[in-house]
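1. just to be clear, the model below is a prediction. Sequence and coordinates:
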Amino acid sequence: MNQMHVNGLVCNFTRVILPLLSLALICSAETGFLNRTVKLGDTTYRYQVYVPMDWTAEKKWPVILFLHGAGERGDDGIIQTEVGMGGAIRRFSDRFPAIVVLPQCRKESWWSLPEMMEQAMAALDRSAKEFNGDTTRLYLTGLSMGGFGTWAIAAKYPGKFAAYAPVCGGIRLPARVAALQPQNAGASEDPYAETAKKVGTTPVWVFHGDADPVVPVSESRKMVEAIKAAGGNVRYSEYEGVGHNSWDRAYREPEFPVWLFSQERKGRAPAAPSR
């Protein structure tokens, strides 16, 4: 075989075969709700990650970390996708062109406990690496217990996220939960102001129903006022006559994803806090 023929084969392979292989890889990429696991110590946690149908490795993608409520706790790695953000994505997938990470809190536990926060952040970091996530566009949201978790993670990892969206959450934990972490009980005379200080100027959109019988609407009102007093960037949607399931309204707000994806973190990501 002469050199000219060899060069011709290489040229054809480069011009024709490689693009076809690249296209095949992109088309064969898994999309939709995918099962994943992350292991911390001896414990394996199941979570799901949503990947848009048009996902491609050719660009960076925003990443949303969603924290479910108390009713979806467990270890099946599935039911946390059925309420809140998961339902909104299934109905309005075109509004959420992002990687969405959905970890699951264990039964009898709470998102603000260290091990639960750690597994959620581990799932976030792993998903961002696997699906080419944009670390300047990481977003945190959660409902009910996940709303409490949103504030807790925001305080523990200040500057990590580009925006927060707590739904019917709060700061003061229920007594039975506070008893699980006595080291934090009474740590601050004004936990709202303390959390607002750590949130800083990161944009926040808070949602709550004024008829919520589970988490008092005063929890969100106090946090909104605390952020304003600290010079932060906050907007608030309080739904008149709506009970605890304010997430149905919040995640279906057409403007919500528009606002969310317009936020971008400036500067380098902070180092992970010491354990």
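-> Structure received.

2. low-confidence ranges in this protein?
-> Counting by pLDDT under 70, the chain has low-confidence residues at 1-28, 180-188, 267-275.

3. could you redo the last one with a cut-off of 50?
-> The chain contains residues with pLDDT under 50 at 6, 10, 13, 18, 20-28, 185-186, 274-275.

4. who's in contact with residue 169?
-> 142-151, 215, 219-220 (C-beta atoms under 8 Å, 6 or more residues apart in numbering). All C-beta atoms are positioned from the backbone trio N, CA, C, and that covers glycine.

5. isn't residue 83 up against residue 71?
-> Yes - under the criterion of C-beta atoms under 8 Å, residue 83 makes contact with residue 71 at 7.1 Å.

6. more neighbours: these two, which one.
-> For residue 83 versus residue 71, the count of surrounding residues by other C-beta atoms under 10 Å is larger for residue 83: 20 against 13.

7. quick check: closest non-adjacent residue to the more buried one.
-> residue 72 (5.8 Å; C-beta to C-beta, 6 or more residues apart in numbering).

8. so the one you found sits right up against residue 80, yeah?
-> Yes - Residue 72 is within contact range of residue 80, at 4.5 Å (criterion: C-beta under 8 Å).

9. which residue lies nearest the spatial centre of this structure?
-> The residue lying closest to the centre of the chain (C-alpha atoms, centre = their mean) is residue 65, at 1.2 Å.

10. tell me which element it falls in.
-> strand 61-67 (DSSP states H and E).

11. listing partners with orientation, what would you give for that strand?
-> strand 99-103 (parallel), strand 133-143 (parallel) (DSSP bridges).

12. using PDB, write out every CA atom in the shortest one.
-> Taking C-alpha atoms only, strand 99-103 is exported to PDB below (Å, rounded to 0.1, in the frame of the first residue of the first chain):
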ATOM      1  CA  ILE A  99     -29.100  18.900  35.000                       C
ATOM      2  CA  VAL A 100     -31.300  18.300  38.100                       C
ATOM      3  CA  VAL A 101     -30.000  16.300  41.100                       C
ATOM      4  CA  LEU A 102     -32.600  14.700  43.400                       C
ATOM      5  CA  PRO A 103     -31.000  13.000  46.400                       C
END
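
13. circling back to that earlier point, would JSON lines of the contacts of residue 169 with secondary structure and distance to residue 196 be doable?
-> Below are the contacts of residue 169 laid out as JSON lines (DSSP: H, G, I helix; E, B strand; the rest coil; distance: C-beta to C-beta, whole Å):
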{"residue": "142", "secondary structure": "strand", "distance to residue 196": "18"}
{"residue": "143", "secondary structure": "strand", "distance to residue 196": "20"}
{"residue": "144", "secondary structure": "coil", "distance to residue 196": "21"}
{"residue": "145", "secondary structure": "helix", "distance to residue 196": "20"}
{"residue": "146", "secondary structure": "helix", "distance to residue 196": "19"}
{"residue": "147", "secondary structure": "helix", "distance to residue 196": "15"}
{"residue": "148", "secondary structure": "helix", "distance to residue 196": "15"}
{"residue": "149", "secondary structure": "helix", "distance to residue 196": "17"}
{"residue": "150", "secondary structure": "helix", "distance to residue 196": "13"}
{"residue": "151", "secondary structure": "helix", "distance to residue 196": "10"}
{"residue": "215", "secondary structure": "coil", "distance to residue 196": "18"}
{"residue": "219", "secondary structure": "helix", "distance to residue 196": "13"}
{"residue": "220", "secondary structure": "helix", "distance to residue 196": "12"}
